[in-house]
Every structure is written in structure tokens, then in C-alpha cells.
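Peer 1: Please work out how this folds:
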Amino acid sequence: MYFQKKMENRDHAGAYKNRGVRGTEQARRRRQDNALQLRKEKREDNFAKRRNLQVNESFEDDNGNTPVKNEVLNDVTNTNRTNTPSKQLAPLPEIVNGIMAGMQMLQTSNVTPTGLSSLKHYVQQCRKMLSRERKPPIDSIIDAGLVPHLSALLTLDCLDFIPKDPETTGLVFEILFEAAWALTNICSGSPKQTKTVSDAGAIPQFVRLLTLEKYINVVEQAAWALGNIAGDGPELRDKVLEAGVIQPLIKLLGMPCANVQFLQNTTWTLSNLCRNKSPATDLKYVEQMLPMLVKLLDHSDRQVKTDACWAMSYLTDGANERIQVVLNHNALPALVKLLATSKEISVLTPVLRSTGNIVTGTDAQTQMVIDSGALKCFKALLKHDKTSIQKEAAWTLSNITAGTSSQIQAFIDEGLVDPLMDCLNHGDFKTQKEAVWCVTNYTSGGTSEQVKLLCQSGAIVSLCNMLNCKEDRTIQIILDGIQNILIHAEKLGMLEQAVTAIEECNGLDKIEELQQSANDAIYKIAYKLIDSYFNEEEEGENVDGVIENAVGKDGTFEFNNGTDSNNQFNF
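Peer 2: Residues are numbered from 1 along each chain as shown. Alright, predicted model coming up:
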């Protein structure tokens, strides 16, 4: 103890074996596997940790002469501000000696305003050193042994031998604030650096500080520090949760007097408590957080909504039971409302991710999204100016087309086939990949008549054009889709027309080339397609004896499948 008195304290092979007959669970595993890479991509709109930089102060860098940029207190992006005249910070050895002297004063219980003022000065100097934008000396502070002292100072208000007069109390909470700020910035560093703060016992003290609502600056700094610690990974996140952070944090978010900046920081901390997997946040904590998170989705501030939406994306990124917990708390209507109305990319991205995560669940959970009217938003989303939104929208729809034929029909009824084909034909490559998944899932789970409709929008030519891509996994998905189309064409008595369409857009040449692929799976798929559908010995045969083929302009074919002599497919 520092002080005298003790402080209280697809699988594709399987798909081919079934010749396009897809089990629901298999499709779900396939679409979740595809989502994994998408979820691992760096999200430029969201940060796991934030460092609290200087506000309206400047200081010299390590060379003693270059002023650095300052930052708004709760922002995560640097902004240029007018620098006040530079002030030279005390050297680290002097800061260490000053803090150590203050700790010795506390251990002897000989506390004076002068001693507290000196301690405040050196803790503040330490904080300013850690608030540098470039190369903050976090390791130097740690190596100097200051982290345990800074952590101990978080309990300064608990010492009953410190006078309670206004001047002394003011100094105590100023020291608390500076120590919390310094530790916040240490926690913004590497996992190893963050662990030093946890090992010093700071987590339960930060949670205690959340209850000191009279000192809102201290409360906010404590919430920020806990957000950084929780954002480090599942182990420290769980330590923060086990320390009892949720109830005081939720109480703070419900305070009528809380300003926007305070709500932004506190919501971000709540979001980090939902973050990370392996393991994911325990559902007993999720149940406690969800009512407030759903409420925050309707907040007027963009940043508050953004972090609440990211929290939802973390909570829906997992097993079906986790998705169901979110749905049980009536989060879907609020998400769909934002999906329909939000113009800010920072909000729209996590909302779309959350919606997409939900439709990776069961068919019943996917149906809830469809019944909510969410599909009405997707025509605009597929045409969005931001390619990342197009990609996320196509990914979400690929999870819907991996559902039942009735869910695919809802996709069709909403007029999404043509916008999807536009993404497949003209989107950037990431969007095209998601569109390929959407089309292939559609061909796998849809009825023959639904696949026929897709082909009328040019699916065969579009898929064949994509065979030029250099990504093996995407090529396999495309070949899967082509095979599914051929299976349905055969069922409709239109196999010869489909084969001809593939040949005329040079698809056959590309498939033949893929028989030379170094990827064994691609070689096998290509070989099987050629052997099953393009065997020269069978060329010219009419499978059922009823197909009449007339090749028109622009790849339009007129078929007679025995029922309607006027059927037309545009392959």
C-alpha cells in the first residue's frame, strides 16, 4: 500500500455433389465464411483506442523547438489549432522526482496545500508529456515506474487524513483528473503498455470514479480510460466488465445534464465493451447494455449514433443466439430507420454492417429484416456514390439470396436484380466480388423460374466476364454460379441455349483455360463443367427432343420448352 491507512476499496465440393441443391445451413456457413474477410478489414470510421491530446496548449518536441499540433478533447482526427507560446516541459527525471516526493508526503500523512500543488504540477507535466501527438514517451514513463504511482493517485479522494477544505479538495480532484488523463494516454498505446495500467490495479478505481458525478471532468476521463482498456482486447474488456462498469456507465448516459461531448466519449466506451471476439462479450452483459444502446440509436448527435451503431455491429457479429438477443430488444426498427434516412457515411456503414450481420442468421431472422421493409433501402444503397457502401449492400443482399426461395422472391419484388447486375458489371472489384456471391447464392437457392429471370438480366455474360479475375476463390464462386444456371436451364429444357450463350460470350474459352489452373479445385470444377455440358460428342443433340433454338441479336434467345413458344431469355 502507498498510504498509511488501507483504502476500501462453400464448401464448394459439397455444393457440386448436390448439383446445386443447397441446404440452408450449408449456405449460411458459406456466407458467414465470406463475411469473415470483410469484417477483418480496417474500418476507417472506427477506432479501438483514442488518445487525449493537448487542448489550447503547446509544448516543444523532443528537440525542444518544434511546436506540435493540438487536438480537440474528444476527437480522433488531428486538427490544426493556433499554438500558444511554447513552454518547455520539465525533464523526465525531474518529473519522476517531483511525483515521488508527493507520494512520500502522502505516505507520511503530512499533507499540505503546497505539497499538493507541487504534486499536481508534476503529474500535469507527466500528462502533458504523454499528450504529445508524435512519439509520446509512454515506455519512458513506464520504465520510470510512474504507472503504479499514477494509479494510486486515483484513490486520493478516499484518504481521510487529507483536509476537506475547498482549496485542498480542489487540488485533490485536479490531481485525480491529471493522473486519470495520463493513464488514459498510456492505455491508448500497445497491449503491453495498456497491461501495465491494468496490472497496477487501475481498472476498479476508474470504475469507482464513474460514480463521482459532481466532478464530471474526472468521470469523463475515467470513462475514456476504461474505453481504451476495453478496446485492447477480450481479456481486458472482460476485466472491465467484471469490475462492474455497466451500471454506472448507463447511469451516466441517462443523465439529463450530460453534454454532447460527454455522451460521445461515454457511448464510445460502451461500444468498446461490445467489441472483440474469441470470446465475445458475455450475453449477461449484453442484455444489460442493449436497452441503452437501442435508445442511443435515435440520438441527434452523429458521433453518438455512430458508436451506438458500431456497438450493434459487434453484438450481431456472431452466433444466431447473439443475433436473437439483439432482435429481442427491438433494435431492428431503429436500425432500419437509420438505413432509410441516414446520409452520413460514418453512421450508414455500421448500420449496414449490423443489418448484414443479422441476415447471416437463421432464415427466420433474415425474414424479420425483410418484413421490416429494409429491402426498400437497397436500390439506393447499391447505387451509392461511396463504393464501400455498394460493397456492404451487395454483401448484405448475398446473405438474403442465400435464404429461401420466398426470400429471393422478396429480393426480386423490390426490383433489386438490375441494380445488382449493374454492380456486378460496373462496380469496383470488391463490390463485384460481393455481387458474385449474391448471384451465385441466388442461383443456388432460387427456383428455376427465378433463375430464368436473373438470366434475362444478363447473368451468364456478367459471370463469364468475371472469369478474367485473378482471385481463385472468386473464380470458384463464379463457376459454381454458372453450373447452377446450367442445372436450372436443363430443368427448363433450355440447356442448349444456355450452353450457346456461354460459348458466344467466350465463356467456354475461359473455362477451358481454367482447366490449366494450378488451383486443384478450379481445375476440377472447370473440367466437370466441360465434361458435363460442353462435350463435343453431345454437341447438336436436343436433350428432350423439344428444344428449338433461334439466336437473335444481342444474345437474345427464343426457346420452346414445351409449354410456351414465346419464352425469351437474354443471357
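Peer 1: Does anything pack onto the longest helix belonging to the chain? Which helices or strands?
Peer 2: The longest helix of the chain (DSSP state H) is helix 166-187. Helices and strands touching helix 166-187, as assessed by 3 or more C-beta pairs under 8 Å, 6 or more residues apart in numbering; DSSP states H and E, comprise helix 113-130, helix 138-143, helix 146-152, helix 191-199, helix 202-209, helix 216-230. Heads up, the C-betas are built off the backbone N, CA and C, glycines and all.
Peer 1: redo that, cut-off 7 Å
Peer 2: helix 113-130, helix 146-152, helix 191-199, helix 216-230 (3 or more C-beta pairs under 7 Å, 6 or more residues apart in numbering; DSSP states H and E).
Peer 1: May I see the buried residues of the helix or strand where residue 94 lies?
Peer 2: Under the criterion of DSSP states H and E, residue 94 resides in helix 92-107. Neighbour counts over helix 92-107 (16 or more other C-beta atoms under 10 Å) mark 92, 95-96, 98-100, 102-103, 105-106 as buried.
Peer 1: got any ranges where the stretch 201-350 of the chain has weak pLDDT?
Peer 2: Low-confidence segments of the stretch 201-350 of the chain (pLDDT under 70): none present.
Peer 1: ranges for the helices of it?
Peer 2: Counting by DSSP state H, counting those that start in this stretch, the stretch 201-350 of the chain has helices at residues 202-209, 216-230, 234-242, 246-253, 260-272, 283-296, 302-315, 320-328, 331-341, 345-358.
Peer 1: Now render these as CSV, adding distance to residue 415.
Peer 2: Formatted as CSV, the helices of the stretch 201-350 of the chain follow (distance: least, C-beta to C-beta, whole Å):
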stretch, distance to residue 415
helix 202-209, 51
helix 216-230, 42
helix 234-242, 42
helix 246-253, 40
helix 260-272, 35
helix 283-296, 30
helix 302-315, 27
helix 320-328, 26
helix 331-341, 16
helix 345-358, 19
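Peer 1: Please name whichever of the ones you listed is nearest to residue 504.
Peer 2: helix 345-358 (35.7 Å; C-beta to C-beta).
Peer 1: so the closest one versus helix 320-328, what angle?
Peer 2: Interaxial angle of helix 345-358 relative to helix 320-328 (axes from the mean of the first three to the mean of the last three C-alpha atoms, to 10 degrees): 120 degrees.
Peer 1: Now helix 345-358 - C-alpha only, PDB.
Peer 2: Taking Å, rounded to 0.1, in the frame of the first residue of the first chain, the C-alpha atoms of helix 345-358 are listed here in PDB:
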ATOM      1  CA  ILE A 345     -21.300   7.500 -44.100                       C
ATOM      2  CA  SER A 346     -20.000   7.200 -40.600                       C
ATOM      3  CA  VAL A 347     -23.500   6.100 -39.500                       C
ATOM      4  CA  LEU A 348     -24.600   4.300 -42.600                       C
ATOM      5  CA  THR A 349     -21.600   2.000 -42.600                       C
ATOM      6  CA  PRO A 350     -22.100   0.400 -39.200                       C
ATOM      7  CA  VAL A 351     -25.900   0.300 -39.700                       C
ATOM      8  CA  LEU A 352     -25.500  -1.600 -42.900                       C
ATOM      9  CA  ARG A 353     -22.900  -3.900 -41.300                       C
ATOM     10  CA  SER A 354     -25.400  -4.600 -38.400                       C
ATOM     11  CA  THR A 355     -28.200  -5.300 -40.800                       C
ATOM     12  CA  GLY A 356     -25.900  -7.600 -42.900                       C
ATOM     13  CA  ASN A 357     -24.900  -9.400 -39.800                       C
ATOM     14  CA  ILE A 358     -28.500 -10.100 -38.800                       C
END
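Peer 1: Quick one: residues in contact with it.
Peer 2: 45, 302, 305-306, 309-310, 312-313, 316-317, 323, 335, 338-339, 342, 365, 369, 374, 386, 388-389, 392-393, 395-396, 399 (C-beta atoms under 7 Å, 6 or more residues apart in numbering).
Peer 1: can you rerun that using 6 Å?
Peer 2: Contacts to helix 345-358, defined as C-beta atoms under 6 Å, 6 or more residues apart in numbering, come from residues 45, 305-306, 309-310, 312-313, 316-317, 323, 335, 338-339, 342, 365, 369, 386, 392, 395-396.
Peer 1: Can you turn the buried part of the residues you listed into a PyMOL selection?
Peer 2: Entered in PyMOL, the line below selects the buried ones among the contacts of helix 345-358, by 16+ other C-beta under 10 Å:
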select buried, resi 45+305+306+309+310+312+313+316+317+323+335+338+339+342+365+369+392+395+396
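Peer 1: The helix or strand hosting residue 531: how far from the chain's middle?
Peer 2: Per DSSP H and E: residue 531 is located in helix 520-533. Relative to its chain's centre, helix 520-533 lies at 37 Å (C-alpha atoms, centre = their mean, to the nearest Å).
Peer 1: Can you point out the buried residues in that helix?
Peer 2: If you call a residue buried by 16+ other C-beta under 10 Å, then helix 520-533 has these buried ones: 521-522, 524-526, 529-530, 533.
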